[in-house]
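Enquirer: structure of the sequence below:
(2 chains)
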Amino acid sequence: MIKFENVTKIYTGTSSPAVDSLSFSVPTGEICTIVGPSGCGKTTTMKMVNRLIEPTDGAINVLDERGEMRNVLEMDPIVLRRSIGYIIQQIGLFPHRTILENIGTVPKLLGWDDVRIRRRAEELLEMMNMPLEFLDRYPHELSGGERQRIGVARGMAIDPPIMLMDEPFGAIDPINRNLLQNEFLRLQQEIKKTILFVTHDIDEAIKMGDKICILNVGGILEQFDTPAAILSNPANEFVDDFVGADRSLKRLNLIRVEEVMDSHPPLLRATQSVEEALGYMREKDLRFVYVVDAEQRLKGYVNKKDLAGKKGWVDEFTEPAATMIGIGTSLRDAFSEMLVVDYANVCVVDTQDRVRGLLDIGMIQDAVTKGEALAGASQKEEE
Amino acid sequence: MENKGASDNIVGADHENGMNPLKKKGKGNHIDSSAPPHVVDRLGGTVQANGGFGRFDFPSTKSIFGWTIIPILIAVVLFLVYQRLLLAIEPGSMEANIIGSYDIGFEPVKDAVIEHIRLILISTGLAIAVAVPAGILITRKGFRDFSGLILSVANIGQSIPSIAILAIFMGILGLGATTAIFALWLYALLPIVRNTATGIEEVDTNIIEAARGMGMTDREILFQIELPLAFPVMFGGIRTAAVINVGTAALGAFIGAGGLGTFIIVGIPLMRDRMILVGAILTAVLAILIDWILGKIQDRLVAPTAST
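Expert: Numbers count the residues shown, from 1 in each chain, chains lettered A, B, ... in the order given. Below you'll find the model as predicted:
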């Protein structure tokens, strides 16, 4: 838990505050994204938590390991910083230190022995799906995405309950950024950290945040709420503008494929005969059907016109599918994938490639319209 | 000539050209009124004042000769000096009295080389002892305001011709090696102070920020992050200082400090070309050798780094 109470920051030499009487709290185990235009004090807000910047006024309380709320302003800054994970933009890995030494920075400062540091570093690399050989490499030998993962691993080295992340994925190309975001969200489900996540990108804020804190220039809190609430019900014109005209599309970010997919899709087994298959397709009025093996793993699909008048087994006429969508993917990513391969429907699979459902464009459309309806309803309620 | 090669020799030249916008921010608040934009050092290399402090940079030996060629070259030159110059000295001649000859040996040459190296080691060692802490100090909070002052003092020291420094301090400290060491020490200060300060200033602000955010104290940041990362630039300054000193030390002979300069200074009025050449060539060889050795040490000590 991180609790801001009327926190104000006025830099010396300026009259207007950079952060103005800010109050909000991040519940334990949630990600709160802070987003806003440049000059809105989002980084300042974050840095006040580990006192890289001292607040002018107010209190910031964090839940310590004994479960008590403590005002960070009354703690020793060095002790405080060592207890909070800190991940910044541009990563800030130490170029003269190996990955092991980088990850071991805070543990070493806290006096862990080398064996324990190495064990923890190995554990973290495994968590990040990275090979253990990386431990003895130097940062410049890694790609940007790999370095970023190490940056995250370093922030988690001592398993801190609270982490501060300042545009951690800002310096990475869009494809890798998306990948890292997804990876991190998956990781967060296991580690359940309390995270303050600064970004200038509203899409990232929506995607990553359990809560979003939208700041305006001068550190004024415009809205603090869940992404869904902000999208469907922006508090004012500023938030509405900031969120953008494509609110409905953005809402797709918040919906997972399993929430809208057809979990009992028509499927054929590879071992079925062509006759059976044609019968099944006629009965269900389908032009093509996905084919799975005995373990329910996706093998491909068959077209009705390819089977017409043929004899034999479905297996022989199966074409490989160009894509499949993993469970947990957001509707937005699934939609964009479908556009890329030009499929009107795709299989949703679990981590073992077993088919769990079917998603088609119509379902996505329904999700958007339903969202609009909800938004309209809640707006009316307010009026 | 002045600017040529400056940009490709200076490590991280792209930073100075502002390709990294984040870095520039950190530099903006730096005070350095005294540094001229370009100072040509006495070896013909270029000294560039960038952003905060500027620094000396010595052309990498790698690009000139390569690493293994140099010892071979030195061996060949030394052999030729021995064969063509030293062995040609007639026993009993005036040259033989000063420099030695094949029948009585070449003790004076050996002594001069040792004396020369002693001058350089002591003066450069003392310069490192003073200049590195000074360079660190002027990058610390609260002392940055004095960085201009310290650098101008060092700059003045550098712009006075070495022979003049020797002459001035001879009046105060008298003749002999002590005066020469003092002058050499003064001379070696600037490159080391500058490079230390620049090296520290050039450490990526994001890296410092990360270190501070993870709970390192100022002291830990200095010793674990700033100094190791500044080391290549710092060491470059030390290397420059040592090599400059080899040449300057030759002038020490004017005030009786000994060293290889003696042969040159005595040889000129006597018009003994062989003697002058022995002094001159050995001084040059010593400069190249010291640069080569320091380069090797630098390669050993510097961790494999590249900007992240």
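
Enquirer: could you find the closest non-adjacent residue to whichever residue of chain B sits closest to chain A?
Expert: Taking CB to the nearest CB, chain A has its nearest neighbour within chain B at B:Ala210, 2.9 Å off. From N, CA and C alone the C-beta is placed, and that goes for glycine too. In space, and not counting its chain neighbours, B:Ala210 is closest to A:Gly92: 2.9 Å by CB to CB, 6 or more residues apart in numbering or on different chains.

Enquirer: check that neighbour and give its pLDDT.
Expert: Per-residue confidence for A:Gly92 comes out at a pLDDT of 82.

Enquirer: list the contacts of it.
Expert: Under the criterion of CB atoms under 8 Å, 6 or more residues apart in numbering or on different chains, the neighbours of A:Gly92 are A:Gly151, B:Asp204, B:Asn206, B:Ile207, B:Glu209, B:Ala210, B:Ala211, B:Thr308.

Enquirer: do the same with A:Met338
Expert: Applying CB under 8 Å, 6+ apart, the residues near A:Met338 are A:Thr323, A:Ala344, A:Asn345, A:Val346, A:Leu359, A:Ile361.

Enquirer: alpha carbons of the helix or strand harbouring it, as CSV, please.
Expert: Per DSSP states H and E: A:Met338 is located in helix A:331-341. What follows is helix A:331-341, C-alpha atoms only, in CSV (Å, rounded to 0.1, in the frame of the first residue of the first chain):
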residue,chain,number,x,y,z
LEU,A,331,-9.0,-8.3,-27.3
ARG,A,332,-7.0,-5.5,-28.9
ASP,A,333,-3.9,-7.6,-29.5
ALA,A,334,-6.1,-10.4,-30.7
PHE,A,335,-8.0,-8.1,-33.1
SER,A,336,-4.8,-6.7,-34.5
GLU,A,337,-3.4,-10.2,-35.0
MET,A,338,-6.6,-11.2,-36.9
LEU,A,339,-6.2,-8.1,-39.1
VAL,A,340,-2.6,-9.0,-39.8
VAL,A,341,-3.4,-12.6,-41.0
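
Enquirer: list the buried residues for that helix?
Expert: Under the neighbour-count criterion of 16 or more other CB atoms under 10 Å in any protein chain shown, helix A:331-341 has A:Leu331, A:Arg332, A:Asp333, A:Ala334, A:Phe335, A:Glu337, A:Met338 buried.

Enquirer: with stretch A:240-248 instead?
Expert: For stretch A:240-248, the neighbour count (16+ other CB under 10 Å) marks A:Phe242, A:Val243, A:Arg247 as buried.

Enquirer: related to what we said a few turns ago, now, the contacts of A:Gly92 that are in helices?
Expert: A:Gly151, B:Asn206, B:Ile207, B:Glu209, B:Ala210, B:Ala211 (DSSP state H).

Enquirer: tell me how many other residues crowd the residue of chain B closest to chain A.
Expert: B:Ala210: 26 surrounding residues under other CB atoms under 10 Å in any protein chain shown.

Enquirer: residue contacts, it?
Expert: B:Ala210 makes contacts with A:Tyr86, A:Ile88, A:Ile91, A:Gly92, A:Leu93, A:Phe94, as judged by CB under 8 Å, 6+ apart.

Enquirer: how close does the closest residue to A:Ala59 other than its chain neighbours get to A:Ile60?
Expert: Computed as CB to CB, 6+ apart, the closest residue to A:Ala59 that is not its neighbour in sequence is A:Glu5, at 4.6 Å. Going from A:Glu5 to A:Ile60 by CB to CB, to the nearest Å gives 7 Å.

Enquirer: next structured bit after the helix or strand hosting B:Ile150?
Expert: Assigning secondary structure by DSSP H and E places B:Ile150 in helix B:147-159. Next helix or strand after helix B:147-159 toward the C-terminus (DSSP H and E): helix B:162-173.

Enquirer: now distance to B:Gly258 and secondary structure too, for the contacts of A:Met338, in TSV please.
Expert: Shown next, in TSV, are the contacts of A:Met338 (distance: CB to CB, whole Å; DSSP: H, G, I helix; E, B strand; the rest coil):
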residue	distance to B:Gly258	secondary structure
A:Thr323	82	coil
A:Ala344	92	coil
A:Asn345	92	strand
A:Val346	87	strand
A:Leu359	89	strand
A:Ile361	91	helix
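
Enquirer: drop anything exposed from those.
Expert: Among the contacts of A:Met338, those classed as buried by 16+ other CB under 10 Å are A:Asn345, A:Val346, A:Leu359.

Enquirer: can I get these in a markdown table including distance to chain B and pLDDT?
Expert: Output for these, formatted as a markdown table (distance: CB to the nearest CB, whole Å; pLDDT from 0 to 100):
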| residue | distance to chain B | pLDDT |
| --- | --- | --- |
| A:Asn345 | 43 | 83 |
| A:Val346 | 38 | 88 |
| A:Leu359 | 40 | 89 |
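
Enquirer: nearest to A:Gly144 among those residues?
Expert: For the buried ones among the contacts of A:Met338, the residue nearest A:Gly144 by CB to CB is A:Val346; the value is 29.7 Å.

Enquirer: please report how far the closest one lies from A:Arg256.
Expert: Separation of A:Val346 from A:Arg256 (CB to CB): 14 Å.

Enquirer: buried stuff in the helix holding B:Ile150?
Expert: B:Ser147, B:Gly148, B:Ile150, B:Leu151, B:Ala154, B:Asn155, B:Gly157, B:Gln158.

Enquirer: for stretch B:165-178, same thing?
Expert: Judged by neighbour count (16+ other CB under 10 Å), stretch B:165-178 contains these buried residues: B:Ile165, B:Leu166, B:Phe169, B:Met170, B:Ala177.

Enquirer: who touches that stretch?
Expert: Outside stretch B:165-178, the residues touching it (CB under 8 Å, 6+ apart) are B:115, B:118-119, B:157, B:179-180, B:182-183, B:186-187, B:251-252, B:254-258.

Enquirer: what's the average pLDDT for it?
Expert: Averaging pLDDT along stretch B:165-178 yields 84.

Enquirer: export that stretch to CSV, keeping only CA atoms.
Expert: Output in CSV follows, covering the C-alpha atoms of stretch B:165-178 (Å, rounded to 0.1, in the frame of the first residue of the first chain):
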residue,chain,number,x,y,z
ILE,B,165,58.9,27.3,-15.1
LEU,B,166,62.3,25.7,-14.6
ALA,B,167,63.9,29.1,-14.7
ILE,B,168,61.5,30.7,-12.3
PHE,B,169,61.6,27.9,-9.7
MET,B,170,65.3,27.5,-10.0
GLY,B,171,65.5,31.0,-8.4
ILE,B,172,63.3,29.7,-5.5
LEU,B,173,64.3,26.1,-5.1
GLY,B,174,67.8,26.2,-6.4
LEU,B,175,69.4,23.8,-8.9
GLY,B,176,68.9,20.1,-9.0
ALA,B,177,66.4,17.3,-9.4
THR,B,178,63.9,18.7,-6.8
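
Enquirer: so how far is it from its chain's centroid?
Expert: 21 Å (CA atoms, centre = their mean, to the nearest Å).

Enquirer: avg pLDDT for the helix holding A:Met338?
Expert: Mean predicted lDDT for helix A:331-341 stands at 86.

Enquirer: now do that helix: distance to the chain's middle.
Expert: On CA atoms, centre = their mean, the centre of helix A:331-341 falls 17 Å from that of its chain.

Enquirer: tally of neighbours for the nearest residue to A:Gln89 once chain neighbours are set aside?
Expert: Spatial nearest neighbour of A:Gln89, chain neighbours left out: A:Glu167 (3.9 Å); criterion: CB to CB, 6+ apart. By the criterion of other CB under 10 Å, A:Glu167 has 19 neighbours.
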